[in-house]
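In: Prediction below, plus the sequence it came from.
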Amino acid sequence: MTEQLRDLTLTDEQLVAAADVAQDAIITMDARYGTGFPHFAAGEHNLAYHNGYHARTVAEDGLRVAQALGLALPELVTVEVAGYAHDIVQLKPRGVMEAESAEWFKEAMLRRGLPPAMAEAGALAILGTEPVFDEENRLVGQVATQLDYPSRSVERIALSVASGDFGQMFTPVGPHLSHRLYQQIKGAQPDEVPSMDGFASFLARQIELRENYRFPVPEAERVLATHRRATIRYGGVLLGLVQRGDVTSWDQVMAADKAFMDDPALSEQALLRAIAAVGNGN
């Protein structure tokens, strides 16, 4: 990776080529895994979380972080396109998915005549999105914070993409997306009802993650963590309702999520009213 990314001058043709890679990535994500929230148009493998919506938000949130860091145009383009492509291979073992997604990105960039430095930096950033779990299988971060980087530029690209990967966690839609992840883990498609066995434990671990996770660069905390306290509070309230038996069905979880998305400052009483409106069916 001998070229300095910041010093690259991209031609109009190269910018179009990068946009083509991004478009190919999102079309592929939608076709393979569905469009995701909020419409959930089906794909070949209809995933509730790792889908087109997630790819779009990682690209957009990673780009926002990169802009806050003051990255140059070639770096910004690399972050955005890598964000779109970072989950393009799913349904394989952890580590393999990231490696094959990185290879897809690198090959697509080089095939369209983009500079090798961009292809290599973006591929490394995708490798950095692999999640890290502790000895109790709790999600604690991402590989991006553990990698050795050839330059500060490449590191900031990778940390931007990694931040974007968790970029929705502290937003009003964040808890709902985490519940979609639970749905996917349980093997249920977006329009199917997952088993509620283990949901309370999942909620508890999500609360712990939100309480302890910090983005790998301070700029990401400022740009992305817009509702940190509200999401932590909501998670705690929802867990309490599940443990008390006030929430027993997936429909109730979805109703609670919608109420929170509509008003992140809503009271527990308002949340209970939203839950009561759907009863306790599936």
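Out: Great, that's in hand.

In: Enumerate every residue touching V278.
Out: Counting by Cβ atoms under 8 Å, 6 or more residues apart in numbering, V278 touches 249, 251-252, 254-255. (Each C-beta comes from the backbone N, C-alpha and C, glycine too.)

In: and with 7 Å instead?
Out: V278 makes contact with 251-252, 255 under the criterion Cβ atoms under 7 Å, 6 or more residues apart in numbering.

In: phi, psi of it?
Out: Phi and psi for V278, reported as degrees, to the nearest 10, are phi -100, psi 0.

In: try K92
Out: phi -130, psi 170.

In: ok, the closest residue to it other than its chain neighbours - how many residues close by?
Out: Distance criterion Cβ to Cβ, 6 or more residues apart in numbering; nearest residue to K92, sequence neighbours excluded, is E100 at 6.9 Å. Look at E100: counted by other Cβ atoms under 10 Å, it has 15 neighbours.

In: cool, and W104?
Out: Using other Cβ under 10 Å: W104 sits among 20 other residues.

In: Repeat that for R214.
Out: When counting by other Cβ under 10 Å, one arrives at 11 neighbours for R214.

In: Specify the local secondary structure of A204.
Out: At A204 the chain is in helix, as set by DSSP: H, G, I helix; E, B strand; the rest coil.

In: That one and L239 touch, don't they?
Out: Yes: using Cβ atoms under 7 Å, A204 is in contact with L239, at 6.1 Å.

In: More neighbours: the two, which one.
Out: Taking other Cβ under 10 Å, A204 and L239 do not tie; L239 has more neighbours (19 against 15).

In: wait, is the more buried one part of a strand?
Out: No: read with three-state DSSP, L239 is helix and lies in no strand.

In: Adjust the sequence numbering to begin at 778 for everything that follows.
Out: Got it, first residue is 778 now, which makes that one L1016.

In: Could you report the distance from it to A862?
Out: 35 Å (Cβ to Cβ, to the nearest Å).

In: cool, and D1034?
Out: Applying Cβ to Cβ to D1034 and A862 gives a distance of 28 Å.

In: Likewise for R1005?
Out: Applying Cβ to Cβ, the value for R1005 to A862 is 28 Å.

In: same thing with H953?
Out: According to Cβ to Cβ, H953 and A862 sit 24 Å apart.

In: go on, R991?
Out: Counting by Cβ to Cβ - R991 and A862 are separated by 26 Å.

In: now E837
Out: In this view, E837 and A862 are 14 Å apart by Cβ to Cβ.

In: ok, the residue most central in space within the chain to Q800 distance?
Out: Residue closest to the average C-alpha location in the chain (Cα atoms, centre = their mean): D942, at 3.7 Å. D942 is 20 Å from Q800, where distance means Cβ to Cβ.

In: Same check on F979?
Out: From F979 across to Q800, the span is 35 Å (Cβ to Cβ).
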